[in-house]
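> Please find the sequence and the predicted model below.
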Amino acid sequence: MDIVKIKEIVNALERFAPLPLQDSFDNAGLQIGLTEMEATGALLCLDVTESVIDEAIALGFNLIISHHPLLFKGLKCIAGQTYVERCVLKAIKNDIVIYSAHTNLDNTPEGVNLKIAEKIGLHNIQTLVPKEGENAGGIGIIGMLEEPESESDFLKQLKKTFEAACLRHNKLTGRLIQKVALCGGSGSFLIPVAVQQEADVFITGEIKYHEFFGHEKDILLAELGHYESEQYTKELIFSILEKDFPSLDIEITKINTNPIKYL
């Protein structure tokens with residue numbers, strides 16, 4: 001078996017999704033550990049939790065790659081008071097490296113939002129808000145369905161595709177759905193852009209209560225849930241690593257890390 005160093009895996013991820021593409025508020029990249037080590041395997045997840053680290057330990061893997069960064073804010077004390085502190089302690093004790101590809105993976109042209117668009121079956125895909133600069137990329141995606149669909153049929157299929165326990169939307173008006181705008185995660189700030197580009201529907205992971213008001217005549221709004229909208233990010237990371245490191249043991253976590261439960 002070929003020896004693969006963790007730094008080689010990090011370099012491959014950053015070639016695909018350069019860190020300069022991340023949003024200013026973000027903390028993507030290396031979270032914990034030393035990258036000179038040989039990788040014994042990579043566990044892929046959306047969120048780093050204690051259970052995910054336990055899973056990596058059981059597999060004998062020393063690398064966890066997440067979408068959401070474990071470390072978003074500075075830690076002034078690491079004493080096991082919070083789940084973040086406990087994760088840091090457990091990872092360090094067990095020589096596990098944690099790396100996160102977040103908004104840089106969202107904003108790269110073939111990133112998270114393209115994966116969502118593929119699951120929906122869009123074509124003629126374009127970036128909703130292109131970024132300026134040499135790294136290109138951008139926020140969100142807009143594309144077309146092969147054939148127009150009724151609002152109810154589209155929403156039912158969307159709920160099924162993303163295995164959403166609850167799909168929230170605004171009032172149905174009888175419009176046909178063909179032009180689709182989307183953004184995984186917390187993308188409701190893009191609603192005005194989707195309206196401006198005359199999309200029939202805007203899909204994202206989170207929409208605040210008051211943001212549902214006033215758009216009934218403009219656009220159908222569909223909220224999948226944050227986890228549900230980005231769950232296929234794990235598949236995306238798997239495909240990147242599988243291509244570049246065919247001999248590397250790679251597993252997608254079997255743990256659903258969504259902290260939101262539904263009755």
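Great, that's in hand. Numbers count the residues shown, from 1 in each chain.
> distance of Lys208 from Gly214?
Per Cβ to Cβ, to the nearest Å, Lys208 is found 13 Å from Gly214. The C-beta positions use only the backbone N, C-alpha and C, and glycine is treated the same way.
> Now do the contacts for the nearest residue to Lys5 once chain neighbours are set aside.
The spatially closest residue to Lys5, leaving aside those adjacent along the chain, is Glu38, at 5.8 Å (Cβ to Cβ, 6 or more residues apart in numbering). The contact partners of Glu38, by Cβ atoms under 8 Å, 6 or more residues apart in numbering, come to 3-6.
> Centroid-nearest residue for this structure?
Nearest to the geometric centre of the chain sits Glu230, at 3.9 Å (Cα atoms, centre = their mean).
> Now do the contacts for it.
46, 67, 112, 116, 184-185, 205.
> Now do the longest strand seen in the chain: which elements does it pack against?
In the chain, taking DSSP state E as the definition, the longest strand is strand 138-150. Packing partners of strand 138-150 (3 or more Cβ pairs under 8 Å, 6 or more residues apart in numbering; DSSP states H and E): helix 103-107, helix 112-120, strand 123-130, strand 176-183, helix 191-196.
> most tightly surrounded among the ones you listed?
Among these, ranked by average contacts under mean count of other Cβ atoms under 10 Å, first place goes to helix 103-107 (a mean of 26).
> Which strands or helices does it pack on?
Looks like helix 103-107 contacts helix 112-120, strand 138-150, helix 233-244 (3+ Cβ pairs under 8 Å, 6+ apart).
> Quick one, which of the ones you listed gets closest to Phe25.
strand 138-150 (13.0 Å; Cβ to Cβ).
> related to what we said a few turns ago, can you redo the helices and strands packed on strand 138-150 as CSV with mean pLDDT and distance to Ser51?
Listed next are these as CSV, based on pLDDT from 0 to 100; distance: least, Cβ to Cβ, whole Å:
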stretch, mean pLDDT, distance to Ser51
helix 103-107, 97, 23
helix 112-120, 98, 23
strand 123-130, 96, 35
strand 176-183, 98, 28
helix 191-196, 98, 35
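> among these, which is nearest Val97?
Nearest of those (Cβ to Cβ): helix 103-107, 17.5 Å.
> contacts for the closest one?
Contacts for helix 103-107 (Cβ under 8 Å, 6+ apart): 14, 16-23, 26, 28, 67, 111-113, 131, 137-139, 183-185, 233, 236-237.
> roughly how far apart are the residue lying closest to Asn94 once chain neighbours are set aside and Gln126?
Nearest residue to Asn94 in three dimensions, chain neighbours excluded: Ile57, at 5.5 Å (Cβ to Cβ, 6+ apart). Distance, Ile57 to Gln126, using Cβ to Cβ: 43 Å.
> Go through the helices and strands packed on helix 103-107 and pick out the most buried.
helix 112-120 (a mean of 22).
> per-residue pLDDT, the closest residue to Ile237 other than its chain neighbours?
By the measure of Cβ to Cβ, 6+ apart, the closest residue to Ile237 outside its immediate chain neighbours is Leu44, 5.0 Å from it. Per-residue pLDDT puts Leu44 at 98.
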